[in-house]
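Colleague: Kindly return the folded structure for what I paste below:
(one chain, ligands or ions: 1)
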Amino acid sequence: MSSQVPRLEVDGLTVTFGGLTALDDVSFSVGDGRTVALIGPNGAGKTTAFNAVCSLVRPTAGTVRIAGRAAPASPTRLLERGVARTLQGLGLFEAMTVLENVVVPLTGRPGRTDAHRATALATLDRLGLAQHAHAPVGALPYPERKRVALARALVTGPRLLLLDEPAGGLGAEDIDELADVVRRLAADGCAVLLVEHHMDFVMGLADEIVVLDFGRVVASGTPDAVRADPAVEAAYLGLEAAA
Ligand SMILES: Nc1ncnc2c1ncn2[C@@H]1O[C@H](COP(=O)(O)OP(=O)(O)OP(=O)(O)O)[C@@H](O)[C@H]1O
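Modeller: Below you'll find the predicted structure:
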């Protein structure tokens, strides 16, 4: 894969729901090894953009390209294209063990079951979850469950990782650990797109921030550039500071 072609390229994305324009001509890209955050106030269009990238929402106009090719029309084909995502609601199988949950994305792939289990265990180990491998997910506290959801996304070795509010509901220590995990992934060349409300996490982690407001990109750039942009303060950060 040439480094000239972004891992993810969103170009002129417009999504309308009936008469409502949720996204209006939105463009951004994420290169290999880069971390890009989508921020903006409630209703700005972040989830819609995320869902369009995951083929859960069909663009009214514009394109989503993954490694230079049109994104698959079906979300189930994303794994084959090296894309994995986490969900805001985690979507774990609570009665199954941690290991069973993390093996799920590998089932149906070629290879032996014990090889899949070894891959899942190695992923759990990377995230400090190995000691919980045989515990039912439902027995774990929320931060660990959230890490299991991340392990399930990472087990397939994605080249593009989509994180939906990964810091939500976590304390400071877990957020720092999460930031370290994402930094290591990026250092290994993974492209990361995240939607997040936790500003300290975003500012300390993202290479680039794309600010949405009323479905449009109102600013984009490095954390420092975005922080200094008056349009951002008006759209988002100012509202937070005033809250
Ligand atoms: N399926 C849908 N049908 C109709 N309108 C929708 C649908 N999904 C989103 N919208 C509308 O599109 C706009 C953008 O919503 P979206 O959920 O993408 O914003 P968001 O930035 O993710 O907000 P939040 O931070 O609250 O999650 C909102 O006005 C929302 O009400």
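
Colleague: Please make it C-alpha for all contacts and neighbour counts, starting now.
Modeller: Will do.

Colleague: Contact residues of the protein facing the ligand?
Modeller: Neighbours of the ligand within the chain, by C-alpha under 6 Å from any ligand atom: 17, 22, 41-48.

Colleague: Which of those sits closest to Pro141?
Modeller: When those are ranked by distance to Pro141 (C-alpha to C-alpha), Thr47 comes first, at 25.8 Å.

Colleague: pretty sure that closest one is in contact with Val195, am I right?
Modeller: Yes - in this structure Thr47 lies within contact range of Val195 using C-alpha atoms under 8 Å: 7.5 Å.

Colleague: domain ranges for this protein?
Modeller: The record's domain parsing of the chain by automatic domain parsing lists 1-82+158-243, 90-157.

Colleague: Export those to TSV and append columns for mean pLDDT and mean neighbour count.
Modeller: As requested, the domains of the chain are exported to TSV (pLDDT from 0 to 100; neighbours: other C-alpha atoms under 10 Å):
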stretch	mean pLDDT	mean neighbour count
domain 1-82+158-243	90	18
domain 90-157	88	18
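
Colleague: wait, is Met203 part of a helix?
Modeller: Yes - under DSSP: H, G, I helix; E, B strand; the rest coil, Met203 sits within a helix.

Colleague: doesn't Pro223 make contact with it?
Modeller: Yes - Met203 sits in contact with Pro223 when judged by C-alpha under 8 Å, with a separation of 5.3 Å.

Colleague: Show me what stretch 173-192 is in contact with.
Modeller: Applying C-alpha atoms under 8 Å, 6 or more residues apart in numbering, the external contacts of stretch 173-192 come out as 7-8, 30-36, 127, 143, 158-163, 167, 201, 205.

Colleague: What helices and strands are in contact with the helix or strand containing Ser220?
Modeller: Applying DSSP states H and E as the criterion places Ser220 in strand 216-221. Counting contacts by 3 or more C-alpha pairs under 8 Å, 6 or more residues apart in numbering; DSSP states H and E, strand 216-221 is packed against strand 20-30, strand 208-213, helix 230-232.

Colleague: same thing but at 10 Å, please
Modeller: Helices and strands touching strand 216-221, as assessed by 3 or more C-alpha pairs under 10 Å, 6 or more residues apart in numbering; DSSP states H and E, comprise strand 20-30, strand 35-39, strand 208-213, helix 223-227, helix 230-232.

Colleague: what angle separates it from strand 35-39?
Modeller: Angle, strand 216-221 to strand 35-39, by axes from the mean of the first three to the mean of the last three C-alpha atoms, to 10 degrees: 140 degrees.

Colleague: Provide the strand pairings for strand 216-221, with the direction of each partner.
Modeller: Here strand 216-221 is paired, per DSSP bridges, with strand 208-213 (antiparallel).

Colleague: Could you pull out the helices in the chain for me?
Modeller: Taking DSSP state H as the criterion, the chain contains helices spanning 46-53, 98-103, 113-126, 142-154, 172-187, 199-205, 223-227, 230-232, 238-242.

Colleague: Now render those as TSV, adding distance to Ala84.
Modeller: Converted to TSV, the helices of the chain look like this (distance: least, C-alpha to C-alpha, whole Å):
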stretch	distance to Ala84
helix 46-53	11
helix 98-103	13
helix 113-126	14
helix 142-154	5
helix 172-187	13
helix 199-205	19
helix 223-227	25
helix 230-232	29
helix 238-242	30
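
Colleague: Max pairwise distance over the residues of the chain next to the ligand: which two?
Modeller: Pairwise over these, using C-alpha to C-alpha, the maximum falls at Phe17 and Pro41, 18.7 Å.

Colleague: Quick one: end-to-end distance for stretch 65-77.
Modeller: 14 Å (C-alpha to C-alpha, to the nearest Å).
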